[in-house]
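Engineer: requesting a structural model of the entry that follows:
(one chain, ligands or ions: 1)
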Amino acid sequence: MRPIILVGFMGSGKTTVGKELASVLGCPFTDTDQVIENSEGVPVSQIFAENGENYFRELEKDIVENLDDTHFEVIAVGGGLPCYNGLMDVLNKKGFTVYLKADEELLFVRLWHEMEERPLIEGMGEHELKAFISRKLMEREPYYQQALITILSTESTVSDIIRQLPPHQKN
Ligand code: S3P
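Structural biologist: Reported below is the predicted structural model:
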């Protein structure tokens, strides 16, 4: 059975939803940021600061290229991952992709309180963060929208995803 892969902007709830979905489906949960932090031994923000974003994108590429497309698990990928190195295509080949969609206002509220661990937005002011979200979302949505299904990030997200999974993806 193929993995279920969650894509979406920072703050769309991929990790929270992914953990819950995995627990309902009784399968493992993987977060690509966590995999990178474990293998590098430092937080993502430190990798950005010390090695730069391109290095981080190469690490993301390695993970996707080595992803086992026969292992049933839920994978949350970093917000930028599908938008570099043609990785959205690879994700679509390897798993059942889900775009977790959240509107700009919700993303702002969530990210405003979680800026420290996210190097791309760390230290931004309110207007700067709002402008960043608008611009980046416009740039990235064409990639996210290539996911097999799109689900709105709400309280019922997990059951909405489960309802839309094809029977062979439900365990
Ligand atoms: C990034 C999103 C982050 C993390 C890194 C870069 C991005 O992951 O991979 O800070 O480019 O949008 P989350 O989407 O899990 O916050």
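
Engineer: which stretches in this protein count as helices?
Structural biologist: For the chain, the helices defined by DSSP state H cover 14-25, 32-40, 44-51, 53-65, 87-94, 104-112, 126-144, 157-164.

Engineer: ok, residue 69 touching residue 1?
Structural biologist: No: assessed by Cβ atoms under 8 Å, residue 69 is found out of contact with residue 1, at 9.7 Å. The C-beta positions use only the backbone N, C-alpha and C, and glycine is treated the same way.

Engineer: who has more neighbours, those two?
Structural biologist: Each of residue 69 and residue 1 has its neighbours counted (other Cβ atoms under 10 Å); residue 1 has more, 15 against 12.

Engineer: just the buried positions in the worst-scoring helix or strand of the chain on mean pLDDT, please.
Structural biologist: Counting by mean pLDDT, DSSP states H and E, the weakest-scoring helix or strand in the chain turns out to be helix 157-164, with a mean of 86. Neighbour-count burial for helix 157-164, counted by 16 or more other Cβ atoms under 10 Å, picks out 157-158, 160-161.

Engineer: again with stretch 131-147
Structural biologist: In stretch 131-147, residues buried by neighbour count (16+ other Cβ under 10 Å) are 133, 136-137, 140, 143-144, 147.

Engineer: run the chain-centre distance for the least confident helix or strand of the chain.
Structural biologist: 17 Å (Cα atoms, centre = their mean, to the nearest Å).

Engineer: run through who's touching whichever strand in the chain runs longest.
Structural biologist: In the chain, taking DSSP state E as the definition, the longest strand is strand 96-101. For strand 96-101, the surrounding residues in contact (Cβ atoms under 8 Å, 6 or more residues apart in numbering) are 2-8, 12-14, 17, 88, 91, 144-153, 157, 161, 165-166, 169.
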